[in-house]
Each structure stands twice: as structure tokens, then as C-alpha cells.
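> no FASTA, just this:
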């Protein structure tokens, strides 16, 4: 059985995977999770995650700022406390729509999820 673990934000690596997008994985297999992964992504002004999909369910909750989220071709302006459920294989993108930092919390229903870009 997994053991509970507290994960301070400053104790994890904050990785810039694409220009202006800082990803911080907080809960995953390394922390003892067996079925979920979660973390935070911060987007600088103008930064975005291009159209892609995952092989696991995803939940996104906006923490700060304003963004544009596109899910299966439908555009949504998103603000703090807005949330999205994204099923596996749904094409989606997210971008900072404002001049201030844009921050989201993400959760996947797997510790072994993958991201596939859409060309």
C-alpha cells in the first residue's frame, strides 16, 4: 500500500519543456503514487502548449491568470477556478491569453501517461 507523502513545491524540479512554459511535477510514481500524477504548469505571456493529446484522462484547473484552451476544436477563455475534463485522445491546447502569468494545476489518471503532438 502506498505511503502518504508531503511534497513541498520548492523540493521538485521546475522544468522548462517548451519556451515560456515551466512544468512542475508534484505527485507521480517517484512520490509513491500508483494511479495518478499531478503538478503545476506556468505559462509566460504568449507561451502555449500546442495541440496534443494524452493516453489518460486529464483534469485541468486554472490557478491564476487568463488563458485560451481549445478542446476538440472548441475554444474556451479560462480564468481562475475554471476546470476542464479532457478524456484520453481528445486533441487540446492551452495558451496564456493575457499579459500576466497564467498558471494551471493538472492531474492525469495514470503515473505512466504520454503526450502525443498533433501535426
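Noted; the coordinates are in hand. This structure is a prediction, so every number in the text was calculated from the model and none was measured.
> show me where the protein has strands.
Ranges of strands in the chain, per DSSP state E, are 14-18, 21-27, 37-43, 48-54, 58-64, 67-71, 74-78, 83-86, 92-96, 102-108, 115-117.
> among the ones you listed, which is nearest residue 8?
Residue 8 sits nearest to strand 21-27 of all the strands of the chain, at 9.2 Å, using Cβ to Cβ. Placement of C-beta: from N, CA and C, glycine included.
> so what strands line up beside the least confident helix or strand in the chain by mean pLDDT?
Using mean pLDDT, DSSP states H and E, strand 14-18 stands out as the lowest-scoring helix or strand of the chain, at a mean of 93. In the sheet, strand 14-18 lines up against strand 21-27 (antiparallel) (DSSP bridges).
> now the strand it pairs with and strand 37-43, what's the angle there?
Interaxial angle, strand 21-27 versus strand 37-43 (axes from the mean of the first three to the mean of the last three Cα atoms, to 10 degrees): 160 degrees.
> what angle do strand 21-27 and strand 92-96 make?
120 degrees.
> sorry, back to before: need the strands of the chain in JSON lines (columns: mean neighbour count and distance to residue 3).
JSON lines is the format used below for the strands of the chain (neighbours: other Cβ atoms under 10 Å; distance: least, Cβ to Cβ, whole Å):
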{"stretch": "strand 14-18", "mean neighbour count": "11", "distance to residue 3": "25"}
{"stretch": "strand 21-27", "mean neighbour count": "18", "distance to residue 3": "13"}
{"stretch": "strand 37-43", "mean neighbour count": "20", "distance to residue 3": "17"}
{"stretch": "strand 48-54", "mean neighbour count": "17", "distance to residue 3": "27"}
{"stretch": "strand 58-64", "mean neighbour count": "17", "distance to residue 3": "24"}
{"stretch": "strand 67-71", "mean neighbour count": "19", "distance to residue 3": "35"}
{"stretch": "strand 74-78", "mean neighbour count": "12", "distance to residue 3": "35"}
{"stretch": "strand 83-86", "mean neighbour count": "15", "distance to residue 3": "29"}
{"stretch": "strand 92-96", "mean neighbour count": "21", "distance to residue 3": "33"}
{"stretch": "strand 102-108", "mean neighbour count": "21", "distance to residue 3": "20"}
{"stretch": "strand 115-117", "mean neighbour count": "11", "distance to residue 3": "28"}
